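> my questions concern the predicted model and sequence given below.
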Amino acid sequence: MKKKKRDVSNGHSSINMNSVINVTPLSGVVFRTAVLRRHLRRLRHHVFPLVSAVSGCLLLLLAAFSLLAPSPVLHHHDHLSLLRHYHSSDDNGVVEARSNSDETATFRVPESGGSSGRDLWSTRKSDLFHGCSNAADNFATADVKTHSNRYLLIATSGGLNQQRTGITDAVVAAYILNATLVVPKLDQKSFWKDSSNFDEIFDVDWFISSLSKDVEIIKQLPTKGGKPMSPYTMRVPRKCNAKCYQNRLVPVLNKKHAVQLTKFDYRLSNKLDSNLQKLRCRENFHALKFTDLINEMGKTLVDRMRMKSKHFIALHLRFEPDMLAFSGCDFGGGEKERKQLGKIRKRWKTLHASNPDKVRRHGRCPLTPEEVGLMLRALGFGSDIHLYVASGEVYGGEETLAPLKKLFPNYHSKETIASKEELTPFSSFSSRMAALDFIVCDESDVFITNNNGNMARMLAGRRRYFGHKPTIRPNAKKLSLLFMNRNNMTWEEFASKLRTNQIGFMGEPNEIKPGRGEFHENPAACICSASSRKSNEVPIPQNESYDSQNVHKEDDTKKDSGYVTDEQITEDEQDWSEIDYTEMNINRSQGKVLPSVRVSYPGLLLKPDEPELEEFFSD
């Protein structure tokens, strides 16, 4: 019985198994799925934790590497690194500029300037304006107004162009005071330590004779009772106007008869009546002429540049160590740069540590040679252009200049186009060498200034007066941001934005708002429009050989006029860009210790009660 039951049971088992084996294909799939699920559950419990642990370790390693490894992205202060490595030019005439990291996108700079849609060698509507500085009929002459017992002496300050501002303003000051002007003394103790006298830089006889109708000028003080007169020494405030001179100096002149004004630069207001402004222009643009020796050598340099090319650009690079140290900017040289420039910066006891990023955001940093080259290319100047560079010792030497020379291989300076023997009469005197650069820059078809200092302003005003030849000043405030982000855009986009940012900074007529700007840079009172042609013009003297006799007039019809923008620097903002060197806190002449003036960056105004500036910065 038991056996039968077992058989029956076995029979049922057999039947069930057969039914499983002989089921439909769908049932088989269900069965296999169930088996697979059991295997997956085992894997999830044993294998997946292991995979998760390995993945977590890999993520941690990647995170650590990203924190420790240097970023491949160029920062805004890596200005000296981008164009140091030019490896090749492709078949399309495109120069590849790579950063130090292979992961950074290539910034491809074309060799040709392309089309900027404008004439690069002239300013728009320049033919509608002309210099006009003749005296009005009611302007009193020297023989009528000069007092016989009033003598004004001035001691200039700074380098050549800063001294030029003082000489120019001294003539006007003498006229205001009804005084006889004694030929100015040049600063021989400034940073440049040039021992030249006035008549070794300027044609003193021409200076005296050409201004004889306006101001009586003599070479030295007369004697009194057989003895030389002893002048009373004093100083006037910066930007002193006509009333200020009369109130401060006339009583002293009446008593002492001879007064010497020291530190005489930017001591005359920008805002004077038009007759006095025109006198300023007659002196600066016509009476103040270099000696024949300097003039002839300058003309030789210009002729040699003209032999190389019909047009040429002159660049006042101003990328010397002293300029960079004073600016307080960061140029990407790391700790070595900070130590080198920091040591130079200590020369000015009144300067404290700067904020490089803030200074750059305010547009107070000069462009690097590399950036100047990129700006010129974006404006439309190709690699075939001849470039004359006025500069002293460039910080970083040939390594710093290499990117600019790669972009513009026709690179020249007075040392490359003149022999050592030719430059011997000038090379030991900084002012004479600066005068040669001044002449070439003045005669250039396009002038680029990398720093809005004394030479840049003098030349900008002169070039406006003599035909508005293009004078390009980088809009550093906006260009700094553009240069910082240049690797994140195409060359075409970069060039388009740069040209837009430079509107209002190209030296065109009416670029600066009326009433703004510094007079030496924008002598508006001495520039007349075509509608005022009937007014008398001052003829350009024939013996001023470099004095823009050959102002290049364009026959083409000029396109729409220049622009007036809010980006132009106001008069107040410019006060510090006039400065060459700040005053040491020790006044050597008096042996007194002066309180320090805290200056974070150029552009900050000194209060009237703060110490005056001993040496000035950007000649």
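Cool, got the structure.
> show me the protein divided up by domain.
The domain map for the chain lists 142-287, 292-319+366-528, with the assignment taken from the TED database.
> residue 121: which of those domains is closest?
Within those, the stretch nearest residue 121 is domain 292-319+366-528; the backing value is 5.0 Å (C-beta to C-beta). (Glycine included, C-beta is placed from N, CA and C.)
> any chance of the domains of the chain in CSV with distance to residue 327 as columns?
Rendered in CSV, the data for those read as follows (distance: least, C-beta to C-beta, whole Å):
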stretch, distance to residue 327
domain 142-287, 16
domain 292-319+366-528, 7
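> mean pLDDT added to the ones you listed, as JSON lines?
Rendered in JSON lines, the data for the domains of the chain read as follows (pLDDT from 0 to 100):
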{"stretch": "domain 142-287", "mean pLDDT": "95"}
{"stretch": "domain 292-319+366-528", "mean pLDDT": "94"}
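> just tell me which of those ends up closest to residue 109.
Among the domains of the chain, the nearest to residue 109 by C-beta to C-beta is domain 292-319+366-528 (6.1 Å).
> how far does that closest one stretch from start to finish?
Distance between the two ends of domain 292-319+366-528: 31 Å, counting by C-alpha to C-alpha, to the nearest Å.
> how about stretch 212-230?
Across its full length, stretch 212-230 reaches 25 Å between end residues, using C-alpha to C-alpha.
> return the set of buried residues in that stretch.
Buried residues in stretch 212-230, counted by 16 or more other C-beta atoms under 10 Å: 214, 215, 216, 217, 221, 229.
> nearest to residue 204 among the residues you listed?
With C-beta to C-beta as the yardstick, the closest approach to residue 204 among the buried residues of stretch 212-230 comes from residue 217, at 9.0 Å.
> list the contacts of the closest one.
Each residue near residue 217 by C-beta atoms under 8 Å, 6 or more residues apart in numbering is listed here: 171, 174, 180, 181, 182, 183, 207, 208, 211.
> just checking, the last one touches residue 283?
Yes: between residue 211 and residue 283 there is a contact under C-beta atoms under 8 Å: 6.2 Å.
> now do the shared contacts for those two.
residue 171.
> put the alpha carbons of stretch 382-401 into PDB.
This file holds the C-alpha atoms of stretch 382-401, laid out as PDB (Å, rounded to 0.1, in the frame of the first residue of the first chain):
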ATOM      1  CA  GLY A 382      49.600  94.300 -41.200                       C
ATOM      2  CA  SER A 383      53.100  92.800 -40.600                       C
ATOM      3  CA  ASP A 384      54.500  94.800 -43.500                       C
ATOM      4  CA  ILE A 385      54.200  98.100 -41.600                       C
ATOM      5  CA  HIS A 386      57.400  99.800 -40.500                       C
ATOM      6  CA  LEU A 387      57.400 100.600 -36.800                       C
ATOM      7  CA  TYR A 388      59.600 103.200 -35.100                       C
ATOM      8  CA  VAL A 389      59.800 102.600 -31.300                       C
ATOM      9  CA  ALA A 390      60.800 105.400 -29.000                       C
ATOM     10  CA  SER A 391      61.800 103.700 -25.800                       C
ATOM     11  CA  GLY A 392      64.500 103.400 -23.100                       C
ATOM     12  CA  GLU A 393      65.400 100.100 -21.500                       C
ATOM     13  CA  VAL A 394      62.400  97.700 -21.900                       C
ATOM     14  CA  TYR A 395      61.600  95.600 -18.900                       C
ATOM     15  CA  GLY A 396      62.400  91.900 -19.700                       C
ATOM     16  CA  GLY A 397      64.500  92.900 -22.700                       C
ATOM     17  CA  GLU A 398      64.400  91.000 -25.900                       C
ATOM     18  CA  GLU A 399      62.100  88.300 -24.400                       C
ATOM     19  CA  THR A 400      59.400  91.000 -23.800                       C
ATOM     20  CA  LEU A 401      59.900  92.600 -27.200                       C
END
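> in that stretch, which residues are buried?
By neighbour count, and taking 16+ other C-beta under 10 Å as the criterion, the buried residues in stretch 382-401 are 382-383, 385-392, 394-396, 400-401.
> now do stretch 127-134
Buried residues in stretch 127-134, counting neighbours by 16+ other C-beta under 10 Å, are found at 127, 129, 130, 131, 132, 133.
> all set now, cheers.
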